[in-house]
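Q: Quick one, fold the following:
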Amino acid sequence: MAVFSLQDFDGHEQVVCASDPDSGLKAIIAVHDTARGPALGGCRMWNYASEDLAIHDVLRLSRGMTYKNALADLPFGGGKSVIIGDSRADKTPELMAAMGRAVERLAGRYIIAEDVGTSVEDMATVRSVTRHVAGLRDGSGDPSPATARGVFMGIRAAADYRLRRNSLDGLRVNVQGLGHVGWDLCRQLAGEGARLAVSDIRRDTVERAVEAFGATPVDAEQIYDVEADVFAPCALGAVIDDDTLPRLKVAVVAGSANNQLAESRHGTGLARRGILYAPDFVINAGGVINISYEFGRNGQGYDRAAAFAHVDRIHDTLLRIFQRADAEGIPTNIAADRIAEERFRPSRVA
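A: Model (predicted):
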C-alpha cells in the first residue's frame, strides 16, 4: 500500500510496522505529531479483515489523538498503535511483551496505553520491557470512569448551551452502547434524574440497565428513531451517516464513541438540522487526561483529584467550541479542529 497517498495520511511524522514471528505480533505504530510532546495514545487489538484496513484505522486514530490531546491542553502529541489479531484468541503475554519492545525502539516518541482489545494487565506486561507506557494499575488504572465523567460534563455543557437547561433532571437521553463507559455514563445521568433509553447488542446488559436505572429498552437498530433531547453514541464509530442522520429526533449528539461522524460532512449535516454536535475527540478525552497525570505535575505522582478536575474542564472547552462555531457560522467539528490546530500547528494556521 502507498501510505503517503492515502486520504487518512495527514503529514504523519512516523509510521512503523512491527513484527515478531515467535509471538505472532503484527502491529503498526503511527506517530502523527509531537509538537506538544511525545505522542500519547492507546493500543488497539482488532481482527482486521485486511492490513489495509489496519493502516487506515491507525492513521485516522493517531491523527485524532493529536487533536484530542491539544484540545485537552495536554503536554503530549498524538499517536496510536494497532495489533492485528483476535484479542480473545491470539493475545498472549509474549505478544504484548513483543509490542512493548517495539515501543521501546521508538525511544520515547510514542507512549502506549490500553484501548479496545487491550487491558491494564496487558500494559503491565508492556511495562516489563519499556517505561514508555501509561494506564497502569498502580497509576491511574482503568480510564473508563474518567471518560464517562468527561462525557457527562459534556452533556451538561450541551444541554446548557442548546436547551438552556442548568439541570439534567428530566433530560431525555438515548444511550447507544452499555460498555464500561456507557454504563457509568448511565449511572451518572440517572443520578441526576435524566430519563434514559438504552440499546446494546447484549440483551442481558440492556435488561440490567432497565433494572438499575429505570431505563427504557430500545432495539439496537431503532435507537436513532427515538425522540429525545440527547443522543449519546457510546459504542462503535461512524454511526452518523447518510442513513441515520435524517432519522435523528434530538437536539444534541454527545457521546463517548470515537469517530462518530462517518465523514466530516455529516457534521455539516447535523448543523443544518439544528442538532448541536459535541465533537467526539473533545468530549471523550477524559480517559487520556486521566492517564496523562501518571507522569505527574510539579514533581508529584498521580493525583486523582487533580486529574478529574482537569476532566471537568471539558465542559468549558465545549462551550468555547460551541460559541466559536456560532460566531463563525461553521459546524462544531470544524471549529474544534481549528482551535486544536492553533495549539499544535500555530505557524501553519497563522
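Q: Which residues are in contact with residue 16?
A: 28, 29, 30, 31, 102, 106 (C-beta atoms under 8 Å, 6 or more residues apart in numbering). Quick note: C-beta positions are derived from backbone N, CA and C, even for glycine.
Q: swap the cut-off to 10 Å and go again
A: The neighbourhood of residue 16, defined by C-beta atoms under 10 Å, 6 or more residues apart in numbering, consists of 27-31, 58, 81, 102-103, 105-106, 109-110.
Q: swap in residue 238?
A: 244, 257, 258, 259, 260, 261, 262, 263, 266.
Q: of all the residues you listed, which two lie farthest apart?
A: Set against one another by C-beta to C-beta, these have their most distant pair in 244 and 258, with a gap of 16.4 Å.
Q: From what I see, residue 337 and residue 281 are in contact.
A: Yes - taking contact to mean C-beta atoms under 10 Å, the distance of 9.2 Å between residue 337 and residue 281 places them in contact.
Q: For the stretch 51-200 of the chain, give me the ranges with low pLDDT.
A: Per-residue confidence for the stretch 51-200 of the chain (pLDDT under 70) gives these ranges: 138.
Q: quick one: the strands in it?
A: Ranges of strands within the stretch 51-200 of the chain are 77-84, 110-114, 172-176, 195-199, based on DSSP state E, counting those that start in this stretch.
Q: Quick one: those strands as CSV, columns for mean neighbour count too.
A: Formatted as CSV, the strands of the stretch 51-200 of the chain follow (neighbours: other C-beta atoms under 10 Å):
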stretch, mean neighbour count
strand 77-84, 28
strand 110-114, 27
strand 172-176, 25
strand 195-199, 23
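Q: Let me see the contact set for the most far-flung residue of the chain relative to its centre.
A: Going by C-alpha atoms, centre = their mean, the residue of the chain most distant from its centre is residue 22, 32.1 Å out. When contacts are counted by C-beta under 10 Å, 6+ apart, residue 22 touches 94, 95, 98.
Q: Reformat those as CSV; add neighbour count.
A: As requested, these are exported to CSV (neighbours: other C-beta under 10 Å):
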residue, neighbour count
94, 14
95, 23
98, 23
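Q: among these, which are in helices?
A: 94, 95, 98 (DSSP state H).
Q: about what we covered before: settle it for me: which of residue 337 and residue 281 has more neighbours?
A: Between residue 337 and residue 281, counting by other C-beta atoms under 10 Å, residue 281 is the more crowded of the two (26 against 20).
Q: Tell me if the more buried one really is in a strand.
A: No - when DSSP: H, G, I helix; E, B strand; the rest coil is applied, residue 281 is found to be helix, with no strand at that position.
Q: With residue 287 as the reference, measure out to it.
A: Look at residue 281 and residue 287: by C-beta to C-beta, to the nearest Å, they are 12 Å apart.
Q: ok but residue 208 is inside a helix, no?
A: Yes - with three-state DSSP as the criterion, residue 208 is located in a helix.
Q: Hmm, it is touching residue 202, no?
A: Yes - using C-beta under 10 Å, residue 208 makes contact with residue 202 at a distance of 9.2 Å.
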